[in-house]
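Q: Structural data only, the sequence is not supplied:
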């Protein structure tokens, strides 16, 4: 038995919650690395190129899945939903890359924690799910956390900050659409369609705003694709083997990881108010998630209604 197989065996023997926590930590490290690589590449490439490179890498990395299952696996009756979803994803990623090029990494990370808050808001407004006073209070507190980071009136409201909020809104709408698509289509199909349609959307803008790609860039572009794919896989695996209420708090580690990378590679000093605001946002999101899980568990324990 090699050391690698021995390590895998030891890992698989761990409790599901422990493996989920480790997968989540793995994901946050790779998300932080993705943000840092995008910041590094943003000095040489336009946002359109970077989003195109990211999407194309996703298509290439998922090619083995498509080859193994055949093109028939892409058959769907929801192409319109995929098209809308990918357009939102493309626009959101453009805004995110722009923000990463112009804002401190810690600010981008902190404001991205608002995405679950917007998801809950849109679920209430679009899908008509009920919201009690506790959920509304948590939403308001969470958005106050965003104001702590942005500090309107105390510092200039930057286009980058507006871009991150736009990204959070776009990703929240995508999360709402995922709830519907996931009822009929597999997660791999949803992710592949995202990459494929975003590549199609992004090819012409990338060519129009093209900057020269040199040999040394290719390594960083591939690294961006690899770490972002690993980050997504880490999230999926964390939620697959561990309870969301146990593993999701470790998603907050994304902030200290990006703070460290920003400090070491981009001379960005840690900001206390950004940390406080991010903690408020994340705490509100986590409270809503825990409360919804508790309510669903309570509903499932109810006896079935009597026959009428």
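A: Looks like it came in fine. What you see is a predicted model; the values in this text were computed from it and never measured.

Q: Where does the prediction get shaky in the stretch 1-150 of the chain?
A: Applying pLDDT under 70 to the stretch 1-150 of the chain flags the ranges 1, 127-131.

Q: can you pull out the helices in it?
A: Applying DSSP state H, counting those that start in this stretch to the stretch 1-150 of the chain gives helices spanning 3-13, 16-41, 47-61, 63-69, 79-102, 105-112, 115-126, 133-150.

Q: Go through these and pick out the most buried.
A: Of all the helices of the stretch 1-150 of the chain, helix 105-112 carries the top mean neighbour count, a mean of 26, counting by mean count of other C-beta atoms under 10 Å. Where you see a C-beta, it was placed from the backbone N, CA and C, and this is true even at glycine.

Q: Can you tell me what sits against that helix?
A: Among residues not part of helix 105-112, those counted as contacts by C-beta atoms under 8 Å, 6 or more residues apart in numbering are 32, 35-36, 39, 96, 99-100, 146, 149-150, 160-161, 164-165, 167-168, 254-255, 258-259, 261-262, 266, 268, 270-271, 274-275, 277-278, 281.

Q: Stretch 238-253 now?
A: Against stretch 238-253 from outside (C-beta under 8 Å, 6+ apart): 16-21, 23-29, 113, 278-279, 282, 286, 289-290, 293.

Q: how far is it from where the chain is centred?
A: How far stretch 238-253 lies from its chain's middle: 14 Å, per C-alpha atoms, centre = their mean, to the nearest Å.

Q: Equivalent analysis for stretch 29-43, please.
A: For stretch 29-43, the distance to the chain centre is 14 Å (C-alpha atoms, centre = their mean).

Q: how close does residue 247 get to residue 29?
A: 14 Å (C-beta to C-beta, to the nearest Å).

Q: for residue 269, same thing?
A: Using C-beta to C-beta, one obtains 22 Å as the distance from residue 269 to residue 29.

Q: Of all the helices of the stretch 1-150 of the chain, which one is nearest residue 221?
A: Relative to residue 221, the nearest member of these by C-beta to C-beta is helix 47-61, separated by 5.0 Å.

Q: Can you check what angle separates the closest one from helix 79-102?
A: Here helix 47-61 runs at an angle of 120 degrees relative to helix 79-102 (axes from the mean of the first three to the mean of the last three C-alpha atoms, to 10 degrees).

Q: Point out the other helices and strands that helix 47-61 packs with.
A: When contacts are defined as 3 or more C-beta pairs under 8 Å, 6 or more residues apart in numbering; DSSP states H and E, helix 47-61 sits against helix 79-102, helix 187-208, helix 215-241.
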